[in-house]
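Asker: A structural model of the following input is requested.
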Amino acid sequence: MKNLIVAAALSIAVSVVLAGPSHVCAEPVQRTVSADVMQRIHEEVKTPCKYGMLLEPAEGEMLDNPMVFRHAGAWYMMFIRFDGKGYETWLAKSQDLLAWTRLGCIFKRGEKGAWDEAQADGWPTLVDTRWDGPNTLNAFQGKYWMMYLGGAAHGYETDPLSTGVAWTDDPSAVKQWTRALDRPVLRPSDPEARPFERKTIYKHFTVEDPSRTCGGRFVNFYNAKPEGVWQETIGMAVSDDLLQWRRLGDGPVISDCLPGKHGISGDPMIKRIGDVWVMFYFGYQWRTDVKGAFDTFACSYDLRNWTKWTGEPLVRPSTKYDSTHAHKPWVLKHGGIVYHFYCAVAGKRRGIALATSRPVNAK
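Answerer: Numbers count the residues shown, from 1 in each chain. Down below sits the predicted model:
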C-alpha cells in the first residue's frame, strides 16, 4: 500500500511538471451550444418586421455595409459608397435610428500608387459588444480604430484585396481618418496565409477578448476567399496592438459552402448575450430554401467553436427593395427593440434598410 501511495504521488508530481505553470492557459475545450440555447437566442435577436429603406442610393452609386454606433449623444452610421470606381467610407447621423442624414466621406481612397489607391472600405473596431450595453466604440491608446479593405484595382471588390488599419480622435467628425501604416497588416499573399484566404480578404469585425483564451487581447473575424472556386468563409486572427496580427487555426471557423460550389459565409458582426457570443453573418447559395443572400447567426462560448443556426433566417429577400439580396447584418438592441440594419438589393439598386424585432413607426 505504501508503495502505491508513493507511486501515485510521483505520478501527480510528474503531471504537474509536464503541465507547466498553473497560470498558462490550456487549449479551450470545445463546447457546442445546445438547441435550447440556440432557440432562446433566436427568440431574442429575430427581426421579422421590415421597416424599409433608410439610405437610398443616388444615380450611379451603390450603398453598402451599414455599421451603427452611438457617440456623444447621437447615433452614427458608417457605410460604404461605391461610385463606379471603387469603395469609400461615409458617415450618416440620426437621433432615433430611423431617420438618417448623410454627413460626408470620412475615408477616401489612397494616393495614386498606394496599395489602397482604388478601395477604402472601413469598419469601426472595438464596438461595445454587450447586448444591453451602450452600443458605443471603445478607444485604445486614446484613439478610435478601424480595419479596412483596400486594393489597387478599380471596380467592385476587384481582387486582390488586403487589410489596412486607420484611426481617428473623433468618430463622429466629418474628417479623414488617419492611416496607421502605409502597408496592409493582412494580405492574401502573406506566407502564413491559409488556403481559404489566398485570393482576397474582405470584411472584419474585431472584439476585445477579456478571457484571452484565443492568445491575444484582440480577436478579429473576417471573411476571405481562396484561389479557384469562389467560396467565402470566416477565419480568425489575434493581436495585442491592432497592428500586428497572428492568424489563428489552420482553416475557417465558419464555413457553410457546398463542396466545389460557389457560396458565401461573410461579413461577421458580433455581440454578447449573457455568456454566449453571437456572430451575425450573411449566407449565399448554400441553402436551397432561400433565394438570394440572407442574414443568419452562430453562437459560441469561447470565440473559437461555433454552433450555427439552421432555422428561419433573420432577414431574407421578401420586398420590392430587397428582392435580390437582404444581407450584411449590423444588429443592436436599444430601448427594448432589436434593430437589424442590412444591405438591401433589388436588381442593380443597392441601399441600406432596417428590420426590427417589433413594429416601429412605419415608413
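
Asker: Let me know how buried G311 is, in neighbour terms.
Answerer: 10 (other C-beta atoms under 10 Å). In this view, the C-beta of every residue, glycine as well, is placed from N, C-alpha and C.

Asker: Just say helix, strand or coil for the closest residue in space to it that isn't next to it in sequence.
Answerer: The shortest distance from G311 to any non-neighbouring residue, by C-beta to C-beta, 6 or more residues apart in numbering, is to H42 (6.3 Å). At H42 the chain is in helix, as set by DSSP: H, G, I helix; E, B strand; the rest coil.

Asker: Please give me every residue in contact with H42.
Answerer: Listed by C-beta atoms under 8 Å, 6 or more residues apart in numbering, the contact set of H42 reads 297, 309, 311-312.

Asker: Nearest to N65 among those?
Answerer: F297 (17.4 Å; C-beta to C-beta).

Asker: Considering the contacts of H42, which is situated nearest to W286?
Answerer: Using C-beta to C-beta, W309 is the member of these that lies nearest W286, at 13.4 Å.

Asker: Name all residues that make contact with the closest one.
Answerer: Contacts of W309 (C-beta under 8 Å, 6+ apart): 38, 41-42, 296-299.

Asker: Can you pull the phi/psi pair for it?
Answerer: Torsion angles at W309 (phi, psi; degrees, to the nearest 10) stand at phi -70, psi 130.

Asker: what's the spacing between it and D295?
Answerer: Separation of W309 from D295 (C-beta to C-beta, to the nearest Å): 10 Å.

Asker: and the spatially most central residue of the chain, what element?
Answerer: Central residue of the chain (C-alpha atoms, centre = their mean): P268, 2.9 Å from the mean position. Assigned by DSSP states H and E, P268 falls within strand 263-273.

Asker: Counting by contacts, list what that strand packs against.
Answerer: Other elements packing on strand 263-273 under the criterion 3 or more C-beta pairs under 8 Å, 6 or more residues apart in numbering; DSSP states H and E are helix 35-45, strand 200-208, strand 218-225, strand 231-239, strand 276-284, strand 325-334.

Asker: Give me the contacts around that strand.
Answerer: By C-beta under 8 Å, 6+ apart, strand 263-273 touches 41, 44-45, 65, 129-131, 202-203, 205, 207, 221-223, 231-234, 252, 254-257, 277-286, 293, 327-332.

Asker: Same check on stretch 353-363?
Answerer: Contacts of stretch 353-363 (C-beta under 8 Å, 6+ apart): 45-54, 97-98, 314-315, 321-322, 326, 337-344.

Asker: can you do 7 Å?
Answerer: 46-47, 49-54, 98, 315, 321-322, 337-342, 344 (C-beta atoms under 7 Å, 6 or more residues apart in numbering).

Asker: right, and F221 touches M236 too?
Answerer: Yes - with contacts counted by C-beta atoms under 7 Å, F221 reaches M236, the gap being 5.9 Å.

Asker: Show me where the stretch 101-250 of the chain has its strands.
Answerer: Assigned by DSSP state E, counting those that start in this stretch, the strands in the stretch 101-250 of the chain fall at 101-107, 119-124, 144-151, 162-168, 178-179, 200-208, 218-225, 231-239, 246-248.

Asker: Distance-wise, check the residue nearest to G311 relative to V338.
Answerer: H42 is 11 Å from V338, by C-beta to C-beta.

Asker: what do you get for S318?
Answerer: In terms of C-beta to C-beta, S318 sits 18 Å off from V338.

Asker: who has more neighbours, these two?
Answerer: Higher neighbour count among S318 and V338: V338, with 19 against 14, using other C-beta under 10 Å.

Asker: can you give me the angle the one helix or strand that one maps to makes with strand 325-334?
Answerer: Per DSSP H and E, V338 falls inside strand 337-346. Here strand 337-346 points in a direction 160 degrees away from that of strand 325-334 (axes from the mean of the first three to the mean of the last three C-alpha atoms, to 10 degrees).

Asker: what does strand 337-346 rub up against?
Answerer: By C-beta under 7 Å, 6+ apart, the surrounding residues in contact with strand 337-346 are 45, 47, 53, 64-66, 68, 97, 295, 314-315, 320-332, 350-358, 360.

Asker: could you point out where the stretch 1-150 of the chain is predicted with low confidence?
Answerer: Applying pLDDT under 70 to the stretch 1-150 of the chain flags the ranges 1-30.

Asker: Likewise for the stretch 251-363 of the chain?
Answerer: 362-363.

Asker: how near is D295 to F341?
Answerer: Following C-beta to C-beta, the distance that separates D295 from F341 is 10 Å.

Asker: is it true that K328 touches F282?
Answerer: Yes - using C-beta under 7 Å, K328 makes contact with F282 at a distance of 5.5 Å.

Asker: what's near enough to touch L243?
Answerer: Taking C-beta under 7 Å, 6+ apart, we find L243 in contact with 165, 180-181, 185.

Asker: Quick one, which of the contacts of stretch 353-363 are buried?
Answerer: The neighbour-count criterion (16 or more other C-beta atoms under 10 Å) marks 46-47, 49-51, 53-54, 98, 315, 321-322, 338-342, 344 among the contacts of stretch 353-363 as buried.

Asker: Name whatever forms a beta bridge with C299.
Answerer: V278, T307 (DSSP bridges).

Asker: If you count neighbours, what's buried in stretch 236-248?
Answerer: Here stretch 236-248 shows 236-239, 242, 245, 247-248 as buried, counting by 16+ other C-beta under 10 Å.
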